[in-house]
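In: sharing a model prediction with you, sequence too.
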Protein chains: 2
Amino acid sequence: MIIDSEKASPLGHEFHDPRVVRVGMLGFGTVGTGAFRMLADNREAIVRKVGVPIEVTRIGVRDLVKPRIADRNLITADLHSIVDDPQIDVILELMGGVEPAGELIERALLNGKHVVTANKELLAKKGTHLVRLAAKQGLDLHYEAAVGGGIPLIQPLKHQLAGNDVLKMMGILNGTTNYILTKMTEEGLDFDAVLKEAQEKGYAEADPTSDVDGFDAQYKLAILSSIAFGKEVLPDSVHREGIRGISATEFAYADMLGYKIKLLGIVEACGPNRILARVHPTLIPKAHPLGRVDGVYNALWLEGDFVGDIMFSGQGAGSEATGSAVIGDLIDICRNIRLGGAGNMIPFEYGMETLPIEQVRSRYYLRIQVKDRPKALGCIATVFGNCDVSLAGMEMKTLPEGRGEIVFLTHPCIEGQFLRALKAMRNIHIVDRINSWMRVEGTA
Amino acid sequence: MIIDSEKASPLGHEFHDPRVVRVGMLGFGTVGTGAFRMLADNREAIVRKVGVPIEVTRIGVRDLVKPRIADRNLITADLHSIVDDPQIDVILELMGGVEPAGELIERALLNGKHVVTANKELLAKKGTHLVRLAAKQGLDLHYEAAVGGGIPLIQPLKHQLAGNDVLKMMGILNGTTNYILTKMTEEGLDFDAVLKEAQEKGYAEADPTSDVDGFDAQYKLAILSSIAFGKEVLPDSVHREGIRGISATEFAYADMLGYKIKLLGIVEACGPNRILARVHPTLIPKAHPLGRVDGVYNALWLEGDFVGDIMFSGQGAGSEATGSAVIGDLIDICRNIRLGGAGNMIPFEYGMETLPIEQVRSRYYLRIQVKDRPKALGCIATVFGNCDVSLAGMEMKTLPEGRGEIVFLTHPCIEGQFLRALKAMRNIHIVDRINSWMRVEGTA
């Protein structure tokens, strides 16, 4: 067992001036501006909590021309000069993207600087290396803002919930898709129309891939899973499906059956050192705590062996909420610098086994179109029965020319069984079309 | 300004044996048993997080005869021998009550031991003194379990949310009363009947005073307020009303108007160093996040100037959930012992001004009985108008003999104004009786 929390030696940080903590920022976009404003607006209270003032002494940006709320003299395009500045104690990395952010953080740590980052993609892909480097250097690397914006999730998982074996987590981890799905639910609109509106309002990017195809949630679930289960979970081992192509019909049926459709990140313990992690559109009962989290809100629902089920919710993105998490981390680091305790990180090991999605045990929603409604039900029920999939509910609609649409809800079964049933159904001549299927969570 | 986070000198703890952390427990009731079981059941994972094993070496109880799940050899009735035992590193105080718990914790701190406590009454009444003593000694005093059972609330408030000016907090802080109010809502039963059932099920104590009269919630709100606003808030400065005497009629009207009745702890910033804190039955919209927290669940809703509104919910009591918080604290302390960083506490000062309840700005629910329904409305509306209280909603019911029952909802006003209106109403001869009134929170 390797424990990367062992501080080999107190290398790291030399405290330059006991009367002030000096901060360098990399990136000054949405999150950077929010963090900077919080430091300015709540300066007095923050000084009281830290014991000394926090001064932002350098801000690195890509575009020097763009107007900024910070003093022009602080701003530079030479990012390396910031991580190399011997006067700076803490780096806030708020630029995003894997490189050059990763290289800059590594250099900052090697230069003995503590780091706060909100960079979920970098952490998901290279977090283990960076956390180990920080621990080896006796430095803090904090990243509360990377998941759930301002909602405290990462530190509570690491600390207050640390005694629990986590059994299952389910999260609404992406505000853009939750906004889109909420609009589709409430207004019966199609995906493309809502996406366009979200882009106009600034809730979705011009290229929405990272959000709507589930990459953003995949990174965040990988980070949460790594912490909850104490071993590295890389994003590639998290099954991922986005929300494109969910039709308005599905929302109507979900509503009729008492469900909402949410893009959930779900991870479950499946035995020692074995988990199954996945991001996909999911039917969740309206009465489930997650079924009530709408709009741009994020939430994490967690089941631990001792704590039972708990939930955290709030604004998962935005300048101010995310800035709040960055400054919370910064305050902790400043107190650690003054009073000791930096680099005290929970171990982060390798060797987690992740199961493929075919092995998941889930309930399923299935919508199919049949040629001959009276005969179809018997045939389909037989196929389900042959594959050991038992049915929990059903809705039917008559279509023209004797056709019909049938929606099924199954009891829990292994996905492989369900897929076998689907395959068999494709060979039944009265089944016109398998319109869609989705996984279902929560007790009805 | 006095900052009690200053560690005068690294007095405190001497680390006795680097191969194990030794723990002494005071009290072995519901919470103690849960914490002990968690340490045993999840031993391997906890050792991995701490780096060394945690051993419970002494358990102090009042009743030596009662059967326990722990080895008899560990158990003693001599509590002082535990806090004086030079081999013990950490004390878990889980006995409750102000004394002798307070004296034992003080002695443990003076003897250089870190402390975890779940004792809300002690912390509310003497927490400032104990926290300052711990900080002076360079020791940790953690108390996550004191509020909200297993839900991480205290540490997130101290750390991840530390950059925020807290504007308002509202919490369902007592599981017993929430269970009783939920039952009264769902089953239309009277308080006495539900209390009896709760006592039989073990959800309420034989003497239910602490819960149903709001003392327990008052202690918890005092603790949360002290942390959120950075200055000591004593329980006596928290206005307190319990849930006795809420009639089934109120639940019926609340439901009709789209509300639930909850015992809320509410604290608001009212200017620099000035807050108003109160515990009382409150009408809260069914659609508000707190309106959906039922049964024995607890929740804290918080509004910060940067983080916006966030919410935490989960099981607020019980052996396992509360044990989870105790062990989370213990793991943190053990890591601080091994890696440094103990005694790093956020300042806790004196000098908070708390406003009296008459100055609260709230909406109100009022139910009155009138002799002459047709004439009454005009008279009452005039009284409200004269006191500058404007009306937001109304329900009426015809009673025998020309009498009627009227329920009003007001727009926000200062409580003093509302009370003046009530007083004036008592002098109107067609007003038979002022049946009841309650404060209303949340936007409808």
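Out: Arrived safely.
In: for the rest of this, base every contact and every neighbour count on C-alpha atoms.
Out: OK.
In: how would you label residue A:82: helix, strand or coil?
Out: Secondary structure of residue A:82, reduced to three states by DSSP: H, G, I helix; E, B strand; the rest coil: helix.
In: wait, doesn't it sit right on residue A:56?
Out: No: in this structure, residue A:82 sits apart from residue A:56 without contact. The criterion is CA atoms under 8 Å, and the distance is 11.2 Å.
In: touching both of those two, which residues are there?
Out: Applying CA atoms under 8 Å, 6 or more residues apart in numbering or on different chains, one finds that residue A:82 and residue A:56 are jointly contacted by A:24-25.
In: so between these two, which is more surrounded?
Out: residue A:82 (23 against 20; other CA atoms under 10 Å in any protein chain shown).
In: can you read off the pLDDT for the more buried one?
Out: According to the predicted model, the pLDDT of residue A:82 comes to 98.
In: and it, how far from residue B:189?
Out: When distance is defined by CA to CA, to the nearest Å, residue A:82 is 66 Å away from residue B:189.
In: next, the closest residue to chain B within the stretch 51-200 of chain A: phi, psi?
Out: Residue of the stretch 51-200 of chain A nearest chain B, by CA to the nearest CA: residue A:160 (4.3 Å). Main-chain torsions, residue A:160, degrees, to the nearest 10: phi -60, psi -30.
In: with just CA atoms, put stretch A:208-215 into CSV.
Out: What follows is the C-alpha trace of stretch A:208-215 in CSV, where atoms were taken according to Å, rounded to 0.1, in the frame of the first residue of the first chain:
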residue,chain,number,x,y,z
PRO,A,208,-22.1,22.5,-25.9
THR,A,209,-20.3,19.1,-26.3
SER,A,210,-18.7,19.0,-22.9
ASP,A,211,-22.0,19.6,-21.1
VAL,A,212,-24.7,17.9,-23.2
ASP,A,213,-22.6,14.8,-24.1
GLY,A,214,-21.8,14.2,-20.5
PHE,A,215,-18.0,14.8,-20.4
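In: so which residues make contact with it?
Out: The list of residues contacting stretch A:208-215 from outside it, by CA under 8 Å, 6+ apart, reads A:174, A:176-177, A:204, A:216-217, A:240-244, A:279-280.
In: apply 7 Å and report the result again.
Out: When contacts are defined by CA atoms under 7 Å, 6 or more residues apart in numbering or on different chains, stretch A:208-215 is touched by residues A:174, A:176-177, A:216, A:240-244, A:279.
In: name the nearest residue to the residue of the stretch 51-200 of chain A closest to chain B, sequence neighbours excluded.
Out: residue B:328 (4.3 Å; CA to CA, 6 or more residues apart in numbering or on different chains).
In: same check, this time on residue A:338
Out: Leaving aside its chain neighbours, residue A:338 sits nearest to residue A:18 (7.6 Å; criterion: CA to CA, 6+ apart).
In: how close does residue A:421 sit to chain B?
Out: Residue A:421 sits 38 Å away from chain B, going by CA to the nearest CA, to the nearest Å.
In: thinking that residue is in contact with residue A:385, fair?
Out: No: Residue A:421 sits out of contact with residue A:385 when judged by CA atoms under 7 Å, with a separation of 8.7 Å.
In: so which bits of the stretch 151-300 of chain A are right by chain B?
Out: By CA under 7 Å from any CA of the partner chain, the part of the stretch 151-300 of chain A that sits against chain B consists of A:151-152, A:156, A:159-164.
In: same thing but at 10 Å, please
Out: If contacts are counted using CA under 10 Å from any CA of the partner chain, the residues of the stretch 151-300 of chain A sitting beside chain B are A:151-165, A:229-230, A:287, A:289, A:292-293, A:297-300.
In: just the buried ones from those?
Out: Under a neighbour-count criterion of 16 or more other CA atoms under 10 Å in any protein chain shown, the subset of those counted as buried comprises A:151-165, A:229-230, A:289, A:292-293, A:297-300.
In: got the contact list for residue A:399?
Out: Residues counted as contacts of residue A:399 (CA atoms under 10 Å, 6 or more residues apart in numbering or on different chains) are A:369-371, A:373, A:405.
In: so which of these comes closest to chain B?
Out: Within the set of the contacts of residue A:399, residue A:405 lies nearest chain B; the separation is 33.9 Å, counting by CA to the nearest CA.
In: mind listing what the residue in the stretch 251-400 of chain A that chain B sits nearest to touches?
Out: Proximity to chain B, evaluated over the stretch 251-400 of chain A using CA to the nearest CA, is greatest for residue A:341 at 3.3 Å. Residue A:341 makes contact with A:138-140, A:332-333, A:335, B:335-337, B:339-344, according to CA under 10 Å, 6+ apart.
In: which stretch of helix or strand covers it?
Out: Counting by DSSP states H and E, there is no helix or strand that carries residue A:341.
In: before we move on, the earlier item: among the buried ones among the residues of the stretch 151-300 of chain A next to chain B, which lie within strands?
Out: The strands, defined by DSSP state E, take in A:297-300 from those.
In: in stretch A:121-133, which residues are buried?
Out: In stretch A:121-133, the ones that count as buried by 16+ other CA under 10 Å are A:121-125, A:127-128, A:130-133.
In: can you confirm whether it lies near chain B?
Out: No: using CA under 10 Å from any CA, no contact is recorded between stretch A:121-133 and chain B, whose separation bottoms out at 14.5 Å.
In: same question for that stretch, mean pLDDT?
Out: Averaged across stretch A:121-133, the pLDDT comes to 96.
In: repeat for stretch A:151-161
Out: For stretch A:151-161, mean pLDDT rounds to 97.
In: alpha carbons only: can I get it in CSV?
Out: Written as CSV, here are the backbone C-alpha positions of stretch A:151-161 (Å, rounded to 0.1, in the frame of the first residue of the first chain):
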residue,chain,number,x,y,z
ILE,A,151,-21.7,23.4,-2.6
PRO,A,152,-19.3,21.8,-0.1
LEU,A,153,-18.9,18.2,-1.4
ILE,A,154,-15.3,17.3,-1.7
GLN,A,155,-14.1,18.2,1.7
PRO,A,156,-17.1,16.7,3.5
LEU,A,157,-16.5,13.5,1.6
LYS,A,158,-12.9,13.6,2.6
HIS,A,159,-13.4,14.5,6.2
GLN,A,160,-16.8,14.4,7.9
LEU,A,161,-18.0,11.3,6.0
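In: distance between it and the chain's centre?
Out: Stretch A:151-161 has its C-alpha centroid displaced from the chain centroid by 14 Å (CA atoms, centre = their mean, to the nearest Å).
In: again, but for stretch A:191-210
Out: Distance of stretch A:191-210 from its chain centroid, counting by CA atoms, centre = their mean, is 19 Å.
In: just the terminal-to-terminal distance for it.
Out: Counting by CA to CA, the length from the leading to the trailing residue of stretch A:191-210 is 16 Å.
In: so which other helices or strands are in contact with the least confident helix or strand in chain A by mean pLDDT?
Out: Among the helices and strands of chain A, helix A:373-386 carries the lowest confidence by mean pLDDT, DSSP states H and E, at a mean of 88. Using 3 or more CA pairs under 10 Å, 6 or more residues apart in numbering or on different chains; DSSP states H and E as the contact test, the elements touching helix A:373-386 are strand A:361-370, strand A:391-398, strand A:404-410, helix A:415-426, strand A:431-440.
In: contacts for it next, please.
Out: The contact list for helix A:373-386 (CA under 10 Å, 6+ apart) reads A:369-370, A:387-391, A:396-399, A:402-406, A:410, A:417-418, A:420-425, A:428-431.
In: ok, of those, which come out buried?
Out: When burial is judged by neighbour count using 16+ other CA under 10 Å, the buried members of those are A:369-370, A:387, A:389-391, A:403-406, A:410, A:417-418, A:420-422, A:425, A:430-431.
In: if we can go back for a sec, most widely separated two among the contacts of stretch A:208-215?
Out: Largest separation among the contacts of stretch A:208-215 by CA to CA: A:176 and A:240, giving 16.3 Å.
In: quick one: residue A:353 and residue A:231 touch, right?
Out: Yes: using CA atoms under 10 Å, residue A:353 and residue A:231 qualify as a contacting pair, with a distance of 9.4 Å.
In: shared neighbours of those two, anything?
Out: Counting by CA under 10 Å, 6+ apart, the shared contacts of residue A:353 and residue A:231 are residue A:273.
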